[in-house]
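> below: sequence and its predicted model.
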Amino acid sequence: MLVKAIEANLEYRNESNKNRVKTIEKDLLQLKVKEKQIAEKNFKNVLSDTLAKELLDENGQKISELTLELDKYRDNQEDVMKVVNHSLSVLEDISGVWFRVDLDIKKRFQKFLFPEGLPFDGENYRTTKLALCIEPEWAMAPQKYLTVPSRGIEPLSPRPKRDALSVKLRRL
């Protein structure tokens, strides 16, 4: 079920990125046409060599930037899903994985989960800080206690009628 949610999330992300990819590809085509135009004008002596070089360098820089951005959007969804599936298989058998990995990985994983260490007082292990990924939800998002007014914009709802049983139960 988690894998399906991740796939849906990736698909949504890819859909939202398709428009940007199309725009980048269009801009790249225009820059390549411009590059040819600069070269032709230089060849016909309309532009000096110095000016043509400057214009080609600027154009080349824009092409490089857009190409890098395009590569960023072209994540291979299949590779991402392989990583997700492997990660989930590790999480499903974390105790088995723990016994199979070497000491260095165990130490790094422990340092990640318990950034301030995991001291042992002779009887118990204790820690004051956990990694954010395993910290209890209530500690991560402090609650704001607000008093809700008894009356707001909404009309008053009629009070439910109490039957004899609920009145007796309330007295207990």
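Nice, I can see it. Residues are numbered from 1 along each chain as shown.
> quick check: mean pLDDT of stretch 94-114?
For stretch 94-114, mean pLDDT is 86.
> flag every buried residue along it.
Using 16 or more other CB atoms under 10 Å as the burial criterion, the residues of stretch 94-114 that qualify are Phe114. In short, each C-beta sits where N, CA and C put it, glycine included.
> can you give me the end-to-end span of it?
16 Å (CA to CA, to the nearest Å).
> contacts for that stretch?
Residues outside stretch 94-114 that contact it (CB atoms under 8 Å, 6 or more residues apart in numbering) are 90, 118, 127, 129-131, 134.
> can you put the residues you listed in JSON lines and add secondary structure and neighbour count?
Below are the contacts of stretch 94-114 laid out as JSON lines (DSSP: H, G, I helix; E, B strand; the rest coil; neighbours: other CB atoms under 10 Å):
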{"residue": "Val90", "secondary structure": "helix", "neighbour count": "13"}
{"residue": "Leu118", "secondary structure": "coil", "neighbour count": "11"}
{"residue": "Thr127", "secondary structure": "coil", "neighbour count": "12"}
{"residue": "Lys129", "secondary structure": "coil", "neighbour count": "10"}
{"residue": "Leu130", "secondary structure": "coil", "neighbour count": "15"}
{"residue": "Ala131", "secondary structure": "coil", "neighbour count": "12"}
{"residue": "Ile134", "secondary structure": "coil", "neighbour count": "9"}
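> low-scoring stretches of this protein, by residue?
For the chain, the stretches flagged by pLDDT under 70 are 1-2, 74-78, 132-172.
> give me the distance between the lengthiest helix in the chain and the centre of its chain.
Looking across the chain with DSSP state H, the single longest helix is helix 2-43. Averaging C-alpha positions (CA atoms, centre = their mean, to the nearest Å) puts helix 2-43 21 Å from its chain's average.
> show me this structure divided up by domain.
2-80, 101-139 (automatic domain parsing).
> how distant is the longest one from the center of its chain?
Mean C-alpha position of domain 2-80 versus that of the full chain (CA atoms, centre = their mean) differs by 24 Å.
> now for the contacts of stretch 94-114: which two are most distant?
Farthest-apart pair in the contacts of stretch 94-114 is Val90 and Lys129; separation 23.7 Å (CB to CB).
> show me what secondary structure element comes after the longest helix of the chain.
Using DSSP states H and E, the helix or strand that follows helix 2-43 in sequence is helix 49-73.
> what sits up against that next one?
Applying CB under 8 Å, 6+ apart, the contact partners of helix 49-73 are 17, 20-21, 24-25, 27-28, 31-32, 34-35, 38-39, 41-42, 47.
> which among those residues end up buried?
24, 27-28, 31, 34-35, 38, 42, 47.
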